[in-house]
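[1] Turn this into a model:
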Amino acid sequence: MMSTLDRYLGRIILQYTLITTLVLLCLYTFVNFLDQMVSIGQGGFHLKEAVVYVVLLIPGTLYELFPMATLLGAITGLSVLAGSSELTAMRSSGASMLQITGAALKVGGVFVVLCLLVGEFVAPHTQSIAQRGRAEALQEDIRQHTRAGLWMRDANTYTTIREILPDLTLTDIKSFEFDNDGFLQIITEAKRGRFVGDSWILAEARITTLDDNVERSVERLGRATWNTAVTPDILSTFLIKPDQLSFGQLRRYIDHLRENRQNSNRFALALWNKIMLPLAIAAMVALAVPFVFTNLRSGNLGRNLFLGIMLGIAFYVANRGFGYAVLANGIPPVLGASIPVLALLLLVIALMRRI
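    Numbers count the residues shown, from 1 in each chain. Just a heads-up that it's a prediction; the model follows:
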């Protein structure tokens with residue numbers, strides 16, 4: 001049951017959080033667009049493709065901005081109330097710090113749910129479409145004609161790949177080689193393919209040779225070399241960052257890497273960061289309450305916003321930096337994701353006790 005205090009505080013914090021989110025999103029989108037200016041004119045990548053690419057990045061950018069936006073929105077809303085002495089009036093009328101924090105956290109809960117929905121169901125798909133579209137525009141011999149995979153052309157050979165895994169393992173490969181007259185000569189199929197040394201090695205391969213479109217021979221090989229001009233560098237442009245993958249994708253990729261005895265810590269860290277993100281957002285919202293009350297007398301919105309931005313940047317840098325340190329030193333990824341958030345929660349508790 002929401003009280004009048006919950007509704008009033010919630011409306012103010014929600015209003016300013018939406019405003020700060022929009023401002024940050026516009027700023028980051030503009031920066032993303034500037035980053036693409038150097039690529040305009042290469043291959044088929046023109047202004048239209050750059051705009052589409054940047055627009056498709058918006059859900060992923062929004063997902064990354066949620067913690068900062070909620071912190072700044074809560075600080076702005078509470079600072080406005082402090083400037084008009086409304087927070088003082090609330091305390092004088094009997095509202096406790098716990099009640100005010102609870103009202104702020106209810107709004108934070110809305111953004112936690114929105115963050116989970118965007119991060120799991122929207123951002124991974126739009127990010128994938130954006131990366132594929134950009135790669136296709138820059139590499140005109142690569143096209144994704146279906147949702148199931150991508151098509152590549154190398155001279156008279158056309159190849160379809162169902163999926164490119166994070167370690168550049170290719171799955172469900174089918175290659176069709178034609179002669180100069182357009183007749184199909186060889187069909188190569190394989191369950192998997194990996195780049196070893198300076199060539200692609202196909203596993204569980206099936207090579208069918210044809211003559212005048214009539215099947216002449218079928219050869220099954222445990223391993224086969226695939227001769228193609230397509231390099232891992234070209235295919236890597238289709239991959240998206242681990243922290244922009246969905247929970248399900250991360251679990252599947254981690255299982256794949258572990259089955260092949262490869263290091264999965266980078267993806268495990270991204271998975272644990274996803275798990276800890278709702279708690280980080282809640283901590284950011286809760287941090288705004290003691291932060292504003294500590295500076296209640298000044299009610300200086302500009303000062304509070306500046307300090308809030310510094311806090312948000314400090315948390316972002318500490319979180320990323322600690323994550324990289326974890327990967328470099330072999331520390332369990334769960335610690336790399338949880339320690340910065342737990343440190344933030346301890347800071348909130350310490351500030352609350354001082355009020």
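
[2] from here on, contacts and neighbour counts on C-alpha atoms
    Noted.

[3] who's Val214 bridged to?
    Asp211 (DSSP bridges).

[4] tally of neighbours for it?
    10 (other Cα atoms under 10 Å).

[5] How about Ala135?
    With other Cα under 10 Å as criterion, Ala135 counts 24.

[6] roughly how far apart are it and His125?
    15 Å (Cα to Cα, to the nearest Å).

[7] center of the protein - which residue?
    The centroid of the chain falls nearest to Gln244 when counting by Cα atoms, centre = their mean (2.0 Å).

[8] That residue reaches Ala123, doesn't it?
    Yes - counting by Cα atoms under 8 Å, Ala123 is a contact partner of Gln244 at 6.9 Å.

[9] Could you tell me which residues touch both of these two?
    Gly60 (Cα atoms under 8 Å, 6 or more residues apart in numbering).

[10] for the protein, what spans make up the helices?
    4-36, 47-56, 58-83, 86-92, 97-117, 123-138, 232-236, 247-259, 265-294, 301-329, 333-354 (DSSP state H).

[11] what residues go with each domain of this protein?
    Domain assignment of the chain by automatic domain parsing yields the ranges 4-138+244-354, 144-236.

[12] I'd like these laid out as TSV, including mean pLDDT.
    Formatted as TSV, those follow (pLDDT from 0 to 100):
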stretch	mean pLDDT
domain 4-138+244-354	90
domain 144-236	87
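
[13] now the helices of the chain as CSV including distance to Val218?
    Below are those laid out as CSV (distance: least, Cα to Cα, whole Å):
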stretch, distance to Val218
helix 4-36, 47
helix 47-56, 43
helix 58-83, 46
helix 86-92, 79
helix 97-117, 48
helix 123-138, 33
helix 232-236, 28
helix 247-259, 30
helix 265-294, 39
helix 301-329, 46
helix 333-354, 47
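
[14] The ones you listed: which one's closest to Ser175?
    For the helices of the chain, the distance to Ser175 is smallest for helix 232-236, at 15.7 Å, taking Cα to Cα.

[15] Tell me the buried residues in that closest one?
    Buried positions in helix 232-236, judged by neighbour count with 16 or more other Cα atoms under 10 Å: 235-236.

[16] Equivalent analysis for stretch 263-273, please.
    Neighbour counts over stretch 263-273 (16+ other Cα under 10 Å) mark 264-273 as buried.

[17] go on, stretch 240-251?
    Neighbour counts over stretch 240-251 (16+ other Cα under 10 Å) mark 240, 242-247, 249-250 as buried.

[18] Looking at the residues you listed, which one is closest to Ala343?
    Taking these together and measuring to Ala343 by Cα to Cα, the closest member is Asp243, at 21.2 Å.

[19] mind checking the backbone torsions on Ile331?
    Main-chain dihedrals, Ile331, degrees, to the nearest 10: phi -80, psi 140.

[20] how much space is there between it and Gly41?
    Distance from Ile331 to Gly41, by Cα to Cα: 44 Å.

[21] repeat for Asp154
    Counting by Cα to Cα, the gap from Asp154 to Gly41 is 22 Å.

[22] again, but for Thr70
    38 Å.

[23] Cys198: neighbour count?
    Not quite, residue 198 is Asp, not Cys. Neighbours around Asp198, by other Cα under 10 Å: 7.

[24] if I look at it, how far off is Glu163?
    21 Å.

[25] which residue lies farthest from the center of this protein?
    Asp212 (48.7 Å).

[26] OK, contacts around it?
    Applying Cα under 8 Å, 6+ apart, we find Asp212 in contact with 183-185.

[27] Present the residues you listed as CSV; the columns should include neighbour count.
    Formatted as CSV, the contacts of Asp212 follow (neighbours: other Cα atoms under 10 Å):
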residue, neighbour count
Phe183, 13
Leu184, 20
Gln185, 19
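
[28] If we only consider those, which is nearest to Leu277?
    Closest to Leu277, out of all of those and judged by Cα to Cα, is Leu184, at 51.9 Å.
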